[in-house]
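Peer 1: next one to model:
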Amino acid sequence: MLVTVAPDTGPDPVGAALRLTVHLNALTWAPAHGTAAASLDVAARTVAGRDSTHHVVDTDSLLGLSPWHANDLADALAAALPHEPEGWVLVLPRPGHLAGLRGPVATNTAALDAGAAVLARTAEVAWVPVVVGPTVQWMLHPATPPLGLPDPTEAERSLTEALLSATRALTDLDVSGGSRPDLVSPPRLPKPYDVRRQRALDRAWHLHQVVTVALDDDGGALSSYETLQRRQHLSGLLGPVHDVISATCSAPPRRSGATMGS
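Peer 2: So this is what the prediction gives:
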């Protein structure tokens, strides 16, 4: 599950990965955009959010941290910045879709188990969240850098098309998408992310929660055929939703006087 609908069920590893990605990127991109970055301590507290604590295990000293004990998240953020000058990519893998993961196999497996990973664009390291009771333990793994960056505009277009198609199909089946759940608010994106990125994240974040809850009931389907068709159309939205969230967090926003991609 991408988004925790109930806020009191413990740490959400994917929500944590999203927060880590955008705060690593905000710290990395701030100088080029002329924006003030949060302090490392504030960024670390924001990444942790409601969770009890976050710490980082760097067994292979990929960021030069101690391999002998868990490291403070703020210290890990400080170590990450000089290692990766370009930025960080949020990947949301699922069975049959590695979402930018390119190995090694052990890293892919860990990320699939977690449902998320944060990849350096050039530094060959991945952060994988592991929930341990009320805490999140970030395991640092070697990772092949992703090929290119996801395109937020294309991802949003694909999601709109998928949503229209699913809506038409559900209408033809004469079944409902399900009741609207109590939604968990999406994270606030720090500068230099812009309002357009925030709107895209809000839409995808809320849609995922709605679809996830809808998949837990039959939506008034009267036959096994209708139930199966409804589930297929709803499940088909999850991939485009993941793609929007990943692209929104991973691709650098435009800055005045330069082309950085958006």
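
Peer 1: where does pLDDT dip in the stretch 101-250 of the chain?
Peer 2: 172-181, 217-223, 225-227 (pLDDT under 70).

Peer 1: strands of this structure, start to end?
Peer 2: Here the chain has its strands, by DSSP state E, at 54-57, 71-72, 88-91, 117-120, 125-132, 135-142.

Peer 1: show me the helices in the stretch 51-200 of the chain, by range?
Peer 2: In the stretch 51-200 of the chain, the helices defined using DSSP state H, counting those that start in this stretch lie at 73-83, 105-114, 152-173, 195-214.

Peer 1: ok now the third one, how far from the chain's centre?
Peer 2: If you compare the mean C-alpha spot of helix 152-173 with that of the full chain, they lie 20 Å apart, counting by Cα atoms, centre = their mean, to the nearest Å.

Peer 1: before we move on, back to that, out of the strands of the chain, deepest packed?
Peer 2: strand 117-120 (a mean of 28; mean count of other Cβ atoms under 10 Å). All C-beta spots, glycine's among them, are computed from the backbone N, C-alpha and C.

Peer 1: each with direction, which strands does it pair with?
Peer 2: Strand 117-120 sits in its sheet next to strand 88-91 (antiparallel), strand 125-132 (antiparallel), going by DSSP bridges.

Peer 1: for these, which one sits closest to Ser250?
Peer 2: strand 88-91 (4.3 Å; Cβ to Cβ).

Peer 1: in CSV, list the strands paired with strand 117-120 along with distance to Pro11.
Peer 2: What follows is the strands paired with strand 117-120, written out as CSV (distance: least, Cβ to Cβ, whole Å):
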stretch, distance to Pro11
strand 88-91, 17
strand 125-132, 5
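
Peer 1: show me the one of the ones you listed that comes nearest Ala204.
Peer 2: Of the strands paired with strand 117-120, nearest to Ala204 by Cβ to Cβ is strand 88-91, at 12.0 Å.

Peer 1: and the closest one, C-alpha only, in CSV?
Peer 2: Extracted in CSV, the C-alpha atoms of strand 88-91 (Å, rounded to 0.1, in the frame of the first residue of the first chain):
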residue,chain,number,x,y,z
TRP,A,88,17.5,11.9,-5.6
VAL,A,89,14.8,9.8,-7.2
LEU,A,90,11.8,8.2,-5.5
VAL,A,91,11.0,4.7,-6.9
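
Peer 1: distance from the chain centre to that strand, please.
Peer 2: That offset, for strand 88-91, works out to 7 Å (Cα atoms, centre = their mean).

Peer 1: how about stretch 35-45?
Peer 2: Worked out by Cα atoms, centre = their mean, stretch 35-45 lies 19 Å from the chain centre.

Peer 1: going forward, begin numbering at 720 instead of 1
Peer 2: Yes, from this point I'll number from 720; that puts the last item at stretch 754-764.

Peer 1: measure it end to end?
Peer 2: End-to-end distance for stretch 754-764, by Cα to Cα, to the nearest Å: 20 Å.

Peer 1: thinking again about what came up before, so can I have TSV of the helices of the stretch 770-919 of the chain showing distance to Val963 and mean neighbour count?
Peer 2: Compiled in TSV, the helices of the stretch 770-919 of the chain are given as follows (distance: least, Cβ to Cβ, whole Å; neighbours: other Cβ atoms under 10 Å):
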stretch	distance to Val963	mean neighbour count
helix 792-802	25	18
helix 824-833	19	17
helix 871-892	5	16
helix 914-933	4	19
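
Peer 1: would you format those as TSV with distance to Val960 included?
Peer 2: As requested, those are arranged in TSV below (distance: least, Cβ to Cβ, whole Å):
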stretch	distance to Val960
helix 792-802	27
helix 824-833	18
helix 871-892	6
helix 914-933	5
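
Peer 1: of the ones you listed, which is nearest Pro865?
Peer 2: helix 824-833 (11.8 Å).

Peer 1: dump the strands of the chain to CSV, plus distance to Val903.
Peer 2: Below are those laid out as CSV (distance: least, Cβ to Cβ, whole Å):
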stretch, distance to Val903
strand 773-776, 19
strand 790-791, 27
strand 807-810, 18
strand 836-839, 20
strand 844-851, 17
strand 854-861, 17
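
Peer 1: having no further points to raise, I will conclude here.
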